[in-house]
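K.L.:
pasted the sequence and its predicted model underneath.
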Amino acid sequence: MTSIDVKQALSKDLGNILVNLKGWVRTKRGSKNVSFIALNDGSCLEDIQCVINFEEIDNEILSKINTGTSLNIQGEIVKSQGKGQSIEILVKKINILGLSDPDKYPIPVSYYTSDAADE
């Protein structure tokens, strides 16, 4: 298994290989059978989409993940089936490195300009 950062994952045609990524959750959304996490590690401005099949990852772990949670994700880089990204990670294993309490530390999903951040 190869440890890489988000920038490396997005900038190379790595094919279907197993990778290890660490970063924090920018967004999390779900559907009936899968959940999607946008993971960022600060190596670039873009996020990488991580697809989680509910049958492979324990719901107890998924219930603890929200915006700001830091994760170590192991999975396979594959060509994306959705719009908006060329590749995605099919998650095989998730380790929570640090929790984020959204009630205590709310993190907005929107992006701010540097002018807005200075106010």
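P.N.:
Nice, I can see it. Since this is a predicted model, take the numbers as computed values, not measurements.

K.L.:
next, the contact list for Lys22, please.
P.N.:
Asp41, Ser70, Leu71, Asn72, Ile73, Leu97 (Cβ atoms under 8 Å, 6 or more residues apart in numbering). Quick note: C-beta positions are derived from backbone N, CA and C, even for glycine.

K.L.:
can I have the buried ones of the residues you listed as a ChimeraX selection?
P.N.:
Those of the contacts of Lys22 that count as buried under 16 or more other Cβ atoms under 10 Å are selected in ChimeraX with:
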select :41,70,71,73
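
K.L.:
quick one: which of the contacts of Lys22 is nearest to Lys7?
P.N.:
Lys7 has its nearest neighbour among the contacts of Lys22 in Asp41, at 8.1 Å by Cβ to Cβ.

K.L.:
so how far is Ile73 from that closest one?
P.N.:
10 Å (Cβ to Cβ, to the nearest Å).

K.L.:
just give me the residue closest to the centre of this structure.
P.N.:
Leu39 (2.4 Å; Cα atoms, centre = their mean).

K.L.:
give the pairing partners of whatever helix or strand that residue lives in; include direction for each.
P.N.:
Assigned by DSSP states H and E, Leu39 belongs to strand 34-40. The pairing partners recorded for strand 34-40 under DSSP bridges are strand 18-30 (antiparallel), strand 48-53 (antiparallel).

K.L.:
which of those strands sits closest to Met1?
P.N.:
strand 18-30 (4.7 Å).

K.L.:
which residues of the chain fall in helices?
P.N.:
Using DSSP state H, the helices of the chain run over residues 6-11, 59-64, 114-118.

K.L.:
what's the nearest residue to the residue nearest to the centre of the chain if we skip its chain neighbours?
P.N.:
Gly23 (4.5 Å; Cβ to Cβ, 6 or more residues apart in numbering).

K.L.:
what number of residues lie near the one you found?
P.N.:
Close neighbours of Gly23, defined as other Cβ atoms under 10 Å, add up to 23.
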